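# got a sequence here, can you model it:
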Amino acid sequence: MRLSAATLSRLPRDVRTPGYDPADARIGMVHLGVGAFHRAHQAVYADDLLARGHRDWAICGASLRAADTSDALEPQDGLYTLCERAGEGDRLRVVGALRRLLVAPRDPTALLAAMADPAVRIVSLTVTEKGYCHDPASGELDPDHADIRADLATPGRPRSVPGFLVEALRLRRAAGTAPFTVLCCDNLPSNGRTVAKVTHGFAALRDPDLARFIAGEVAFPSTMVDRIAPSTTEADRTSVAIRLGMRDAWPVMAEPFSQWVVEDRFSAGRPPFEEVGVEMVTDVAPFEHMKLRLLNGSHSTLAYLGYLAGHETIADAMADAPFAQLVARLQDAEMTATLDVPPGTDIAAYKAALRARFRNPALQHRTWQIAMDGSQKLPQRLLAPARDRLAAGAPVDCIALGVAGWMRYVTGVDEKAAPIDVRDPLAARLRDLADAAGRDADQLAPALLSVREVFGDDLPRDPRFTGPVRTWLDRLLREGAAATVARIAA
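Predicted coordinates:
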């Protein structure tokens, strides 16, 4: 038996089910990038809205690349299980907010039609940093990106995020339909403004008049999202199936904690997000910086160094005392001073809660998973706070160690001479640079620092940054990650 609308009534009583009939929910949002994080985060808030009687805010989810999510959930009527994992046990909930699933490569016109539907007032996104076809160092659209070139040639059948947004907005404008709000939920600096810049850049290449319309009429509120949602394993599927008494092809795992902060600026109205725990604010930046630097910066540092030291998960790394001490020093001695802490926030309690979340033994968040796409993540997670520290004349030892950990990781060979499966848009280029430089930090560090898309033009010329990066990289190459982390944590 498989999870579906027909089998909902057969679930055990301790499994929470939608507090409404999903068939009665009407689509008001389209979401691009319907992966695990979206289903563990924004879709859950939408599910809560629907349960409170706001039935116009169901979601049409779209995959921009692979069809696996759609293929898994279509036979289940869009239903799936959210499994919240903590030390005291798992809590299961079936989410019904995904009322339609599309796969863009199969039928881009169907996705455009969904985005152009007058009932849709929000298009949200979780496509990861690399999905925006931009230069992470500058935030500008990359006009030479293969998907951008393709979308300029055939704008009616787009492949890229900017291509879909601009063509859908063009269709709405031509039909006299009010534009939707573009709600980015990815870990990008000033994510609303960044996506606005990319969208405007693409529109200007297509039609300057359309670009002016988008600049004047379309809202791009910034957001901050926070929930740890590791990849689902076959063991997870099995444990969920046992609890449900039936099969769910793709449940999602998550920690109990969830936070969503949204700038309250929308083009065509919004649901009452505040009723379901969303923090509606005028300025997201302080929350964004806290999360990117304290949580994501620590996560990336743990991911690269932890993986090299043989720790499979973040919880494993945090159980290793020197790694936990490194996180505390990174957060307390370097990151906190770069923050404009929101009024009323207990920053010490926030950091303590983060470290407790990292230690959650039930959450198998793999270091390899977090290590993906580092070239896209480093600029905001580690390099932006490094620039703030340098501007203040402050040291960047812990940040530099995190960067050196990334450099050692992208060489593609671990400390036991086994291959590392480096998943990154620049993986081949980074590996070529590493192979040419060899395992000499004096050669390897400047070779990787030359990647302008990651480091820009300033950091490679600043010895206050390059010096500690080279020093830590040399120690990682000679002594290994565990010994190096023990050295800085001492």
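
# which stretches in the stretch 351-490 of the chain count as helices?
With helices called from DSSP state H, counting those that start in this stretch, the stretch 351-490 of the chain shows them at 367-370, 374-378, 384-391, 397-409, 427-437, 441-449, 452-455, 463-479, 481-489.

# of those helices, which is nearest Asp316?
Between Asp316 and the helices of the stretch 351-490 of the chain, the shortest separation by CB to CB is 8.0 Å, and it involves helix 367-370. The C-beta positions use only the backbone N, C-alpha and C, and glycine is treated the same way.

# residues making contact with the closest one?
The contact list for helix 367-370, computed with CB atoms under 8 Å, 6 or more residues apart in numbering, reads 230-231, 299-300, 302-304, 306-307, 311-314, 316-317, 421.

# tell me, how many residues neighbour Thr199?
A count of nearby residues for Thr199, using other CB atoms under 10 Å, gives 25.

# and stretch 88-99, how far apart are its ends?
From the first residue to the last, stretch 88-99 extends over 32 Å; the measure is CA to CA, to the nearest Å.

# check contacts around the residue nearest to Met290 when sequence neighbours are not counted.
In this structure, Met290 finds its nearest non-sequential neighbour in Leu339, 5.8 Å apart by CB to CB, 6 or more residues apart in numbering. If you count contacts by CB under 8 Å, 6+ apart, Leu339 has them with Pro286, His289, Met290, Arg293, Leu294, Ile347.

# one step back: mind giving me the PyMOL command for buried ones among the contacts of helix 367-370?
The following PyMOL line selects those of the contacts of helix 367-370 that are buried, judged by 16 or more other CB atoms under 10 Å:
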select buried, resi 230+299+300+302+303+304+306+307+311+313+314+316+317
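
# what about the contacts of helix 367-370, which are in helices?
Those of the contacts of helix 367-370 mapping onto helices are His299, Ser300, Leu302, Ala303, Tyr304, Gly306, Tyr307, Ile314, Asp316, Ala317, per DSSP state H.

# and which of these is nearest to Val327?
Comparing the ones in helices among the contacts of helix 367-370 against Val327 with CB to CB places Leu302 closest, at 6.6 Å.

# contacts only, for the closest residue in space to the closest one that isn't next to it in sequence.
By the measure of CB to CB, 6+ apart, the closest residue to Leu302 outside its immediate chain neighbours is Ala317, 4.8 Å from it. Neighbouring residues of Ala317 by CB under 8 Å, 6+ apart: Leu302, Leu305, Gly306, Ala309, His311, Phe323, Thr367.

# can you redo the residues you listed as CSV with distance to Ala146 and pLDDT?
Rendered in CSV, the data for the contacts of Ala317 read as follows (distance: CB to CB, whole Å; pLDDT from 0 to 100):
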residue, distance to Ala146, pLDDT
Leu302, 33, 98
Leu305, 33, 98
Gly306, 33, 98
Ala309, 36, 98
His311, 36, 98
Phe323, 39, 98
Thr367, 30, 97
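
# and stretch 178-198, which residues are buried?
Using 16+ other CB under 10 Å as the test for burial, stretch 178-198 gives 179-198.

# export that stretch as CSV, just CAs?
Once side chains and other backbone atoms are set aside, the C-alpha atoms of stretch 178-198 remain, and they are given as CSV (Å, rounded to 0.1, in the frame of the first residue of the first chain):
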residue,chain,number,x,y,z
ALA,A,178,-0.8,41.9,-12.3
PRO,A,179,2.8,40.6,-11.8
PHE,A,180,3.5,38.0,-9.1
THR,A,181,6.0,38.5,-6.3
VAL,A,182,9.3,36.8,-6.6
LEU,A,183,10.1,35.2,-3.3
CYS,A,184,13.7,33.8,-3.1
CYS,A,185,14.3,31.3,-0.3
ASP,A,186,18.0,30.5,-1.1
ASN,A,187,21.1,31.3,0.9
LEU,A,188,22.2,34.3,-1.2
PRO,A,189,23.3,37.6,0.2
SER,A,190,20.4,40.1,0.1
ASN,A,191,18.6,37.3,-1.8
GLY,A,192,15.7,39.4,-3.0
ARG,A,193,17.9,42.1,-4.3
THR,A,194,20.3,39.6,-5.8
VAL,A,195,17.5,37.8,-7.7
ALA,A,196,16.1,41.2,-8.8
LYS,A,197,19.5,42.1,-10.2
VAL,A,198,19.8,38.8,-12.1
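
# can you tell me which residues contact Gln331?
Contacts were defined as CB under 8 Å, 6+ apart; by that measure Gln331 touches Leu294, Ser298, Lys351, Leu354.

# so the residue nearest to the third one when sequence neighbours are not counted: helix, strand or coil?
Looking back up the chat, that one is Lys351. What sits nearest to Lys351 in space, not counting adjacent residues and going by CB to CB, 6+ apart, is Gln331, at 5.1 Å. In terms of secondary structure, Gln331 is helix; the call rests on DSSP: H, G, I helix; E, B strand; the rest coil.

# domains for this protein, by residue range?
Listed by automatic domain parsing, the domain ranges of the chain are 5-281, 285-489.

# got the end-to-end distance for the last one?
So that's domain 285-489. 30 Å.

# and stretch 401-416, by the same measure?
Using CA to CA, one end of stretch 401-416 lies 20 Å from the other.

# chain center to it, what's the gap?
Its chain's C-alpha centre and that of stretch 401-416 lie 22 Å apart, by CA atoms, centre = their mean, to the nearest Å.

# please apply the same query to stretch 445-457.
Put simply, stretch 445-457 sits 23 Å off its chain's centre (CA atoms, centre = their mean).

# in that stretch, which residues are buried?
Neighbour-count burial for stretch 445-457 flags Ala445, Ala447, Leu448, Leu449, Val451, Glu453, Val454, Phe455, Gly456 (criterion: 16+ other CB under 10 Å).

# would you list the contacts of Leu339 in CSV and tack on pLDDT, secondary structure and neighbour count?
Converted to CSV, the contacts of Leu339 look like this (pLDDT from 0 to 100; DSSP: H, G, I helix; E, B strand; the rest coil; neighbours: other CB atoms under 10 Å):
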residue, pLDDT, secondary structure, neighbour count
Pro286, 94, helix, 17
His289, 92, helix, 23
Met290, 94, helix, 24
Arg293, 96, helix, 24
Leu294, 97, helix, 24
Ile347, 96, helix, 15
